[in-house]
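**Student:** Based on what follows, work out the 3D shape:
(2 chains)
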Amino acid sequence: MFLHYIDLSWRSFKRTPLVSMLMVLAIAIGIGVTMTSLSIHHMMSKDPIPQKSGVLHHLQLQTMDEGRTYWSTDDVPFQITYQDALNLQNANLPYLRSAMYKSGFSVHLNSAQQKPFVEEVRLSSRDIFAMFDLQFIYGGTWTQQQQDDIAPVAVISKSINDKLFKGENSIGKSFYLDDIRVQVVGVIEDWITPVKYYDTNNGSFDDPEKIFIPFTIGIANEVNSWGNTNGWKNEQDDTFEDLLASENLWLQFWVQLNNEQEKQEFGQYIMSYMKQQQSLGRFNREELDYNLFNVTEFMDYRGVVKHDNQIMVTLSFMFLAVCIANILSLLLAKFLRRAPEIGVRRALGASKRQVFNQHLVEVSLLGLLGGVLGIVFAQIGLWGVRTSHSAYDALANMDMTMLLAAPVIAITACIVAGLYPAWVVCRTTPAIYLKSQ
Amino acid sequence: MLTMNNINKVYQTDMVQTHALRDFNLQVDEGEFIAVTGPSGSGKTTFLNIAGMLETFTAGQYMLDGVDVGGLNDNQRADLRNQKIGFIFQGFNLIPDLNLFENIEVPLRYRGIKAAERKRRVEQRLEQVGLASRAKHLPQQLSGGQQQRVAIARALAGEPRFLLADEPTGNLDSLMARQVMELLEQINREGATIVMVTHDPELARRAPRNIQVVDGQLADFTLYQGNPAKAVGV
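**Tutor:** Presented below is the predicted three-dimensional model:
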């Protein structure tokens, strides 16, 4: 019977093509607008590293003196000091971890043949690649020895390798970051993530960096951060040395804790570390505090998906509701025009439920067609967003979930719109129409 | 086969209460061919709609083939209608988007009959009404008489025990009307029970039993053929 209902629905569509197309267009516009905002919201809020989001943890330390406040929801600063980053990076702990910050350089080959370009660079520990599942094409990460010895080495991503070395295996080749000559030890696939969750301080939706060098090189060469630096204490900060010795907050710290026990042990270590630092005159507060959030907790904590975006999604669904209201009135008119035929069908043995189901299948078909056309509209909308805001390049896209969701939402919306008209038409008294036809 | 005892049908509006049927009693036996006559507005069509379970009645008892119709819900009435009753309408009431084959197939689909069996029955009925070669035609491509023959084929497709015809020749010229009437008589001879509402005294006279509805009551009956005792009236 279902296939028969589809056949009847298609005939009905062809019988009133203008009205039917109007309804499909209405739902398609509604779905197009809704899916555009919903897709962006979905990409913003989706787990950027589902296989590891539960084990990667971002560390925050409450370094500020008693009575000092910070603009986070719990007063704990988002970033940490160089002193803490260095101590925790060098501590004798069994966990993968990385202090890190963002900087930037003029990248060149010291050759007239190649035009220099400015590129953001991430300075980190060698563990960053294993922690964040970055895939090597050539070579591998730098060694602990190279990191400790401040060896001028770098890992570059595929697109940089293509740009500098025409995609060849560049292991052992050198290039320049400003005046620092670095040797390539590894080439990774480009780091593609819709959300730059590992550093939300400087644009949560910026592109990930494509060049990675040891954190120690940055310190040795006095490479300043290109990210935010937050100071809360009145202290000397004229030189890079001052910065390193200060309580300024400018580094991120990530640690991989594979289970609850590791998380508890690391937490205990942090508490004892802060107590030990208190004896050195730091962490001047009664109650020591820290945050150790996993990726999804951290994204929630930082409010990566802005309230504005949620309002946008709500508004787009309200627009869809307006489209549904329009479709409802068109469906009501269309179905009631068909009441005489329904009268005949009822006389020939169709139950109210069968008539109701037939009309629900018809509205579902309209929803399906509207959903498919809505995907096309949404793609145009997303293209518009990408074109006008380059920061949304990775976000303004529909993944498979959204592609499948579009027709489901469209069909559901049409069924909602069609419930009342279908109910009205199935309740018509057949006898009225049989004589008048 | 069909028994109505003291059936009443009242249409109620804010201002007016209209008795369409009042203490209506009738018994129809299997194999009968009854013509129902009466002036316009007398309640003929209301009687036919109640007999076909297209309308409910206000009071009384209606038994169809041993089933008390008054106790059935909408789905049960639809099932019973589909299995026991075939309708023939004055305006043919063919579905314009469906070809002849598909129109005749409609009641069979609602009964859940498999495709092969549907095909067999539809072809048989098309053959019976002499339109087998027009199976793929749309209703509007046929004459009025041909359309009514399709409607009769559709009414017969489900092999109902009871045919209800509301002015089946009302929209046809005399030649076509006679052809349709001959077809109904043939169907009756083959065993179907037929109740036909008509304004045409000529056609009514051809039915073995006549009943007349006046002011919602079975006012009189006239029997032209057969046994007068079969009719139960006022």
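
**Student:** all contacts plus neighbour counts: C-alpha atoms, from now on.
**Tutor:** Will do.

**Student:** Please enumerate the strands of the stretch 51-200 of chain A.
**Tutor:** A:56-61, A:97-108, A:117-124, A:136-139, A:153-157, A:174-177, A:180-188 (DSSP state E, counting those that start in this stretch).

**Student:** and stretch A:377-395, how far from the chain's centre?
**Tutor:** 14 Å (CA atoms, centre = their mean, to the nearest Å).

**Student:** same deal with stretch A:188-200?
**Tutor:** 9 Å.

**Student:** Endpoint to endpoint, it covers what distance?
**Tutor:** Terminal residues of stretch A:188-200 are spaced 22 Å apart (CA to CA, to the nearest Å).

**Student:** in chain B, what residue is nearest chain A?
**Tutor:** Per CA to the nearest CA, B:Asn82 is where chain B lies closest to chain A, at 4.1 Å.

**Student:** Nearest to B:Ala155, out of the strands of the stretch 51-200 of chain A?
**Tutor:** strand A:56-61 (72.8 Å; CA to CA).

**Student:** Which residues of chain A lie near chain B?
**Tutor:** A:1, A:11, A:341, A:344-353, A:429-431, A:434-437 (CA under 8 Å from any CA of the partner chain).

**Student:** Is B:Asn25 in a helix, a strand, or coil?
**Tutor:** Per DSSP: H, G, I helix; E, B strand; the rest coil, the secondary structure class of B:Asn25 is strand.

**Student:** got the contact list for A:Lys173?
**Tutor:** A:183-184 (CA atoms under 8 Å, 6 or more residues apart in numbering or on different chains).

**Student:** got it, and the one 3 residues further on?
**Tutor:** Contacts for A:Tyr176 were tallied using CA under 8 Å, 6+ apart; they are A:106-110, A:182.

**Student:** Quickly list what it is bridged to.
**Tutor:** A:His108, A:Arg181 (DSSP bridges).

**Student:** Could you measure from it over to chain B?
**Tutor:** 76 Å (CA to the nearest CA, to the nearest Å).

**Student:** can you tell me how far that residue sits from A:Gly218?
**Tutor:** 14 Å.

**Student:** ok, A:Tyr392 touching A:Trp383?
**Tutor:** No - checked against CA atoms under 8 Å, the pair A:Tyr392 and A:Trp383 is beyond contact range at 9.9 Å.

**Student:** Show me where chain B has its helices.
**Tutor:** B:44-51, B:74-84, B:100-110, B:115-128, B:144-157, B:174-189, B:201-206 (DSSP state H).

**Student:** centre of the chain versus the second one, how much separation?
**Tutor:** Using CA atoms, centre = their mean, the mean C-alpha position of helix B:74-84 is found 15 Å from that of the whole chain.

**Student:** got a list of contacts for that helix?
**Tutor:** A:346-353, B:52-53, B:69, B:107, B:110-111, B:158-162.

**Student:** touching chain A at all, stretch B:124-142?
**Tutor:** No - judged by CA under 8 Å from any CA, stretch B:124-142 and chain A are separated, with a smallest distance of 13.5 Å.

**Student:** end to end, how far does that stretch reach?
**Tutor:** 19 Å.

**Student:** Show me what it is in contact with.
**Tutor:** Applying CA under 8 Å, 6+ apart, the set of residues contacting stretch B:124-142 is B:94-101, B:123, B:146-147, B:149-150, B:152-154, B:156-157, B:183.

**Student:** rerun at 7 Å
**Tutor:** B:94, B:96, B:98-101, B:123, B:147, B:149, B:153, B:157 (CA atoms under 7 Å, 6 or more residues apart in numbering or on different chains).

**Student:** Likewise for stretch A:144-155?
**Tutor:** Counting by CA under 7 Å, 6+ apart, residues outside stretch A:144-155 touching it are A:141-142, A:181-187, A:211-214, A:216-217.

**Student:** Can I get the helices of chain B in TSV including mean pLDDT and mean neighbour count?
**Tutor:** Below are those laid out as TSV (pLDDT from 0 to 100; neighbours: other CA atoms under 10 Å in any protein chain shown):
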stretch	mean pLDDT	mean neighbour count
helix B:44-51	90	22
helix B:74-84	87	19
helix B:100-110	93	24
helix B:115-128	92	17
helix B:144-157	88	25
helix B:174-189	85	16
helix B:201-206	86	15
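
**Student:** Give me every residue in chain B lying close to chain A.
**Tutor:** Contacts of chain B with chain A, taken as CA under 7 Å from any CA of the partner chain, map to B:49, B:54-55, B:74-75, B:78-79, B:81-82, B:91, B:93, B:95, B:107, B:110.

**Student:** one step back: filter the contacts of stretch A:144-155 down to just the buried residues.
**Tutor:** For the contacts of stretch A:144-155, a burial check counting by 16 or more other CA atoms under 10 Å in any protein chain shown picks out A:141-142, A:181-187, A:211-214, A:216-217.

**Student:** Farthest-apart pair in those, please.
**Tutor:** Longest span within these, CA to CA: A:Val187 and A:Thr216, 19.9 Å.

**Student:** Please, a PyMOL command that selects the buried ones among the residues of chain A next to chain B?
**Tutor:** In PyMOL, a selection of the buried entries from the residues of chain A next to chain B looks like this (16+ other CA under 10 Å):
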select buried, chain A and resi 341+344+345+346+347+348+349+350+351+352+429+430+431+434+435+437
